[in-house]
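1. following is a predicted model, sequence given first.
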Amino acid sequence: MQVQSMYFKRRAAQALGDEILQANLAKFGTAGLAQLRAQAVQAYGPEAFERLRTAGAEIRDRGLAELDTYIERFEREATRRGATVLFAESRAEACDLVLEICRRHRIRKAIKSKSMLSEEAGLNEALDGIGVHPVETDLGEYIIQLAHEPPSHIIAPAVHKSKDEVADLFAKSHARPRKSDIGDMTREAREALRPHFLSADLGISGGNFLIAETGSGAVVTNEGNGRMVTTLPRVHVCITGIEKVIPTLEDLATLLRLLTRSATGQPISNYVSVFTGPKGADDLDGPEHMYFILVDGGRTNLVGGDMEAMLRCIRCGACMNHCPVYKTVGGHAYGWVYPGPMGAVLTPAYVGLENALDLPHAATLCNQCGVVCPVRIPLPELLRKLREQQVERGLRPRTEMLGIRVWSWVAQRPRLYAFAARWAARTLWLLGGRAGRIRRLPLAGAGWTIGRDFPAPQGKTFRDLYAKAKRADRRAAG
Amino acid sequence: MLSFAPARIHCNDMRVGLFVTCLVDLMRPSIGSAAVKLLQAAGCEVLVPPTQTCCGQPGYNSGDRRSARALAAKVLGEFEGCDYVVVPSGSCGGMIKTHYPDLFEGEAVLLDRIRRLGGRTYELTDFLVNVARLERVPGRFAGTVTYHDACSGLRELGVKGQPRALLAGVPGLRLKEMDECEQCCGFGGTFAVKFGEVSAAIADRKCAQIQASGADAVVAGDLGCLLSIEGRLRRRGDGETKVLHVAEVLAGEAP
């Protein structure tokens, strides 16, 4: 997927001006996944859930500390059970491996369950390029595939669309009378998808987790499409990031408890598919051939560095559900596959700091993401670290750096600072006039007054007033 | 005429350094005066180091560690002699308490001093409730207020019940909670300037909640949030709803 993250500001402005999107986002914000998570945490017991978060973070850290060992173990176990484990260093290489599998097995049609990695790699375009049409079977992914749009949320990819927009889209794409009831629309989508499920010869799934102990992959869905994709076609490819390997099935149980509650507030998703090797001699169903493609795509660069904690991410989406910026501009503004706080860290980490300059700054550092992250990723700290890396590499605008450095330089010189503050307090107070507020600030302050007045100061600095009052008190006492 | 002469003899022997914050100093000194009054009412001896300026957070959050570290060292020098450091801002308090140590990593001696300073640094309402144990609040307020939980105070310092407990002691004041009181107001320091449109849109949602609460005033513990909220309320055409710092309300010094 092409990286558009350099244009965050422009894209955010477009999002703010898009009335339909704003209405959809408002609905998501007030009746969305954040509320469902809160209810689930309450039901689980808030303190117990905090312990669960700690356990989740520990499991992920344990897996990452010896990632190479666990990847090897996974490879060994999966191979022993008849699967083929392939490794791709880059996203392009991952696509090549899938295309190679298509050629080897003479694949004509592929069905897919949700995979963010395939979005990273642009796998659908690559498949189309060799004449294998991939059909997305997750309802949200199916919708955006029909609309030729990228996902705007990692677990609710079509959350930016309203029911009416989907109704129009279905009527056009399915060439059937327009329906307005969500149940009817879902049935129609199922009917449209069913023949694809039955005729596809390749199933491509993502992998929420890979279990080293058993060489299995695990996929979490609510629609059952994951189960069909991983069992119906004669070939199954599970494509996911190398960091998804966890040590044991016991660890999977813990992480599942966290994942679904954090994502949708469900104690468990409707389907949890754990797949281990291809169809055996006694099995009634399952693929004849099974592949795991483990993709690096920049992940090892994070190991041992400032951003390592980001590799813990289990892709629940809680950070974006709780992010004031995401809830205001939606996912497309972020310009790549991953939006919200986790995307603001991952995008620069994976596609280059210089290709996503705004993202680490497009956050209020309110830490609503940090306190809900199921694996305790300190997202605001990572965003701040990325800002530091930008400064170290000289990537920030000159005027911005000058502003910060002049401010700090003056703030280290109390007399000069007092003089400047006195002047600013008086000038801004005068500008505020009788109303006590400023409609338009000059220079860097202009950003503030785009959508807000600037309340004028009271005219004198506290330290001046304090010093004066102290002198008066001393005189009165003396 | 302002007076900062203690109204009564100190009874608790606490020498409290007031870090007034650069924003309060420049924009709204009445918050500083209110803080002095409250600390004195709690029996503390208040010190206001005259050379204090900024805690360094703008540099820190902009990725400029060097200037943040220089200002942190300056704050350390100015406040190390105090028994406590009290800050009428969860944001600057959180900077000193939870982020300063990050700036002195690997400098054992300084890091130790910084940690000890952080250990005795408090957000104002937290200090009044949990350390100074202020019993009688000097202010009075006729009307309903709604409380906005500013992010750093809430999530870095655990400031939640303290301001509410103090407000409950203000004669005439009725607290009415708004929906989503823990939601960010969109200020975010330089974010408010760099992403003004997004910031204002987030503030707009906060303003809608404030207005829906029907309160006469919105109260918070951080001036940054207050400026953002007030700016957006006025731009929305609301000239009525008062926007006050919790110290102003508690001290009866609402402008």
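-> Cool, got the structure. Fair warning: this is a prediction, and the values are worked out from it, not measured in the lab.
2. buried ones in the one helix or strand A:E188 maps to, by neighbour count?
-> Per DSSP states H and E: A:E188 is located in helix A:182-199. Using 16 or more other CB atoms under 10 Å in any protein chain shown as the test for burial, helix A:182-199 gives A:185, A:188-189, A:192-193, A:196-197. All C-beta spots, glycine's among them, are computed from the backbone N, C-alpha and C.
3. same check on stretch A:122-132?
-> Across stretch A:122-132, burial judged by 16+ other CB under 10 Å covers A:122-124, A:126-127, A:132.
4. remind me which helix or strand residue 140 belongs to.
-> No chain specified, so I'll use chain A. Per DSSP H and E: helix A:139-147 holds A:G140.
5. nope, chain B please
-> B:R140 belongs to no helix or strand, assigned by DSSP H and E.
6. can you check A:T240 too?
-> Following DSSP H and E, one finds A:T240 within strand A:235-241.
7. now do the helix or strand following that strand, average pLDDT.
-> Helices and strands here follow DSSP H and E; after strand A:235-241, the next one along the chain is strand A:245-246. Averaging pLDDT along strand A:245-246 gives 98.
8. with stretch B:114-126 instead?
-> Mean pLDDT, stretch B:114-126: 98.
9. CA-only coordinates of stretch B:108-126 in PDB, if you can.
-> The C-alpha trace of stretch B:108-126 is given here as PDB (Å, rounded to 0.1, in the frame of the first residue of the first chain):
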ATOM      1  CA  ALA B 108      23.600   8.500  39.100                       C
ATOM      2  CA  VAL B 109      24.100  11.400  41.500                       C
ATOM      3  CA  LEU B 110      21.800  13.800  39.700                       C
ATOM      4  CA  LEU B 111      19.200  11.100  39.000                       C
ATOM      5  CA  ASP B 112      19.000  10.400  42.700                       C
ATOM      6  CA  ARG B 113      18.500  14.000  43.500                       C
ATOM      7  CA  ILE B 114      15.900  14.300  40.800                       C
ATOM      8  CA  ARG B 115      14.000  11.300  42.000                       C
ATOM      9  CA  ARG B 116      14.000  12.600  45.600                       C
ATOM     10  CA  LEU B 117      12.600  15.900  44.200                       C
ATOM     11  CA  GLY B 118       9.900  14.100  42.300                       C
ATOM     12  CA  GLY B 119       9.000  12.100  45.400                       C
ATOM     13  CA  ARG B 120       8.000  15.300  47.200                       C
ATOM     14  CA  THR B 121       6.400  17.000  44.200                       C
ATOM     15  CA  TYR B 122       2.600  17.200  44.200                       C
ATOM     16  CA  GLU B 123      -0.200  18.500  42.100                       C
ATOM     17  CA  LEU B 124      -2.000  21.200  44.200                       C
ATOM     18  CA  THR B 125      -5.300  19.400  45.100                       C
ATOM     19  CA  ASP B 126      -3.400  16.100  45.700                       C
END
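10. next, count neighbours for A:R234.
-> 16 (other CB atoms under 10 Å in any protein chain shown).
11. how about the contacts made by B:R133?
-> Applying CB atoms under 8 Å, 6 or more residues apart in numbering or on different chains to B:R133 gives the contacts B:A42.
12. does it sit in a helix, a strand or a coil?
-> coil (DSSP: H, G, I helix; E, B strand; the rest coil).
13. now do the phi/psi pair for it.
-> phi 50, psi 60 (degrees, to the nearest 10).
14. what does the stretch 51-200 of chain B put close to chain A?
-> B:51-54, B:56, B:58-65, B:67-68, B:70-71, B:74, B:151-152, B:155-156, B:182-184, B:186-200 (CB under 8 Å from any CB of the partner chain).
15. which residues touch the closest residue in space to A:G122 that isn't next to it in sequence?
-> Leaving out its chain neighbours, the residue that sits closest to A:G122 by CB to CB, 6 or more residues apart in numbering or on different chains is A:M1, at 5.3 Å. Counting by CB under 8 Å, 6+ apart, A:M1 touches A:119-120, A:122, A:150, A:336-337.
16. for A:M1, give its distance to A:H332.
-> When CB to CB, to the nearest Å is applied, the distance between A:M1 and A:H332 equals 11 Å.
17. any residues in contact with both of those two?
-> With CB under 8 Å, 6+ apart as the test, A:M1 and A:H332 both reach A:P150.
18. pLDDT of the strand holding A:T240, averaged?
-> On average, strand A:235-241 scores 98.
19. before we move on, back to that, nearest to A:W423, of the buried residues of helix A:182-199?
-> Closest approach between the buried residues of helix A:182-199 and A:W423, by CB to CB: A:M185, at 62.9 Å.
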